[in-house]
Structure formats: C-alpha cells, structure tokens
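Novice: Kindly return the folded structure for what I paste below:
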Amino acid sequence: MNTWLLRPFTYIAGSKALLLGWAIMLITSVVAYFSRTHFDGAIDAHAGATVMPYFIYLLEALIAWGCMVLACYAAAAIFARSSFRLIDIAGTLALARTPLLAIALINFGMPVVVNPMDINPMVITLALISLPFFIWMLVLMYQSFSVSANMKGNKAVIIFIVALIVAEVISKALISFTFPLLVP
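Specialist: Below is the predicted model of the structure:
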C-alpha cells in the first residue's frame, strides 16, 4: 500500500499513466470549478476565488501540468545519463497531480473571503488539512521525475527543485498573461 501511495510509477507509466492522469485532471477541474478552487501554477492553489468560466479551470490544469512536463523533460535531457521517454515523464506527472482532487474537495468547506487580509479560522484549518495533500503531490512529482529520468540522489533532488521553480514561474506567467485576454 505504501508503494502505491508514494511510488506508484513503479507500476504504472507511459500512456496508461497519461490517460488516467488526464482523466483525474479533468475530474479535478470540474470539482475545482464548483468549489471555486484555482490551481493557477505548477504547485499552488487558491480557494474561494472569483467564479470564472469552466474552461479557465481546465486551462489552469493543462498549463500547470504542461509547464512541469517541459521543465522536467528539459532537465532530464540536460542531466540524465540514461535514456528516458517523454511519454513516461508526461504520464507520471499527470498522475502525480491526483492529490489536487482532494484539495478541490476540501475547498467546498471554504468560506467566501471578501477581504483576503481577514484571517478566518476556517481558512487556516482548511489550509492545514490541505497541506499533507500538497506534500504528497510534491513527493509524487519528485518520484515521477526520478523514475522517469532514471535519476537518484541529491543531484536528482536539486535538479527537480530547479525544474519545479522554473515550471512555477513559467506557468504563473502564462496564466497571468493569457487569462486576461480570454476572460473580459
């Protein structure tokens, strides 16, 4: 059970992981739409935000995932000493986003925040409940990169962290610049 939760990519990868990951990303985007949860970056979420058209929630997921795939693929192309496949990186990273579904479900309990500066005990409680799911997602993302690129150790951790930061910056920039054009 521990292996399935923390290292599922030893059992599933490639196109199977990609299709399952995309299906879960689609379900997550629907739940996010109804719980008003924006996953507007490679590794972040905002709850109780303004309701937008559904396609925005789906695009956020695709942009965040795509940026992570490109950053990890580039990192593997530069630093991996053995062969690897794009389909494995793409599929396992899609599946690694599964914990976001739990976060979107948790955010149904999020109160509508009028002033972001107001500290609401419910917001803090839900954020603390969501934290283990974010950590789980980060562990899965690292495992995805490590297994798919055949990299281990401190070097793999450092390369993954840099790829994660690059993906976050690029995804935030793409979302910030693209969405004002799509939603009046």
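Novice: Distance check, Ile170 against Gly41.
Specialist: Computed as C-beta to C-beta, to the nearest Å, the Ile170 to Gly41 distance reads 9 Å. All C-beta spots, glycine's among them, are computed from the backbone N, C-alpha and C.
Novice: ok, those two, which is more surrounded?
Specialist: Gly41 (22 against 19; other C-beta atoms under 10 Å).
Novice: mind checking the SS state of the more buried one?
Specialist: coil (DSSP: H, G, I helix; E, B strand; the rest coil).
Novice: Show me where this protein dips below the pLDDT cut-off.
Specialist: 1-2, 4, 48-49, 110-119, 182-184 (pLDDT under 70).
Novice: For it, which segments count as strands?
Specialist: For the chain, applying DSSP state E gives strands covering 37-38, 46-47.
Novice: what sits against Ile89?
Specialist: Under the criterion of C-beta atoms under 8 Å, 6 or more residues apart in numbering, the contact list for Ile89 reads Val69, Cys72, Tyr73, Ala76, Ser144, Phe145, Ser148, Ala149.
Novice: Same question for Ser82.
Specialist: Taking C-beta under 8 Å, 6+ apart as the criterion, Ser82 is in contact with Asn150.
Novice: oh, and call the first residue 707 from now on, that's how I've got it
Specialist: Noted, 707 is the first residue going forward, which turns the last one into Ser788.
Novice: distance of it from Val853?
Specialist: With distances defined as C-beta to C-beta, the gap from Ser788 to Val853 amounts to 12 Å.
Novice: related to what we said a few turns ago, tell me which of the strands of the chain approaches Leu712 most closely.
Specialist: Distances from Leu712 to each of these were compared by C-beta to C-beta, and the smallest falls on strand 743-744, at 24.2 Å.
Novice: what packs against that closest one?
Specialist: Packed against strand 743-744 by the contact rule (3 or more C-beta pairs under 8 Å, 6 or more residues apart in numbering; DSSP states H and E) you find strand 752-753, helix 760-785.
Novice: Now render the ones you listed as a markdown table, adding mean neighbour count and distance to Leu726.
Specialist: As requested, those are arranged in a markdown table below (neighbours: other C-beta atoms under 10 Å; distance: least, C-beta to C-beta, whole Å):
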| stretch | mean neighbour count | distance to Leu726 |
| --- | --- | --- |
| strand 752-753 | 20 | 25 |
| helix 760-785 | 20 | 13 |
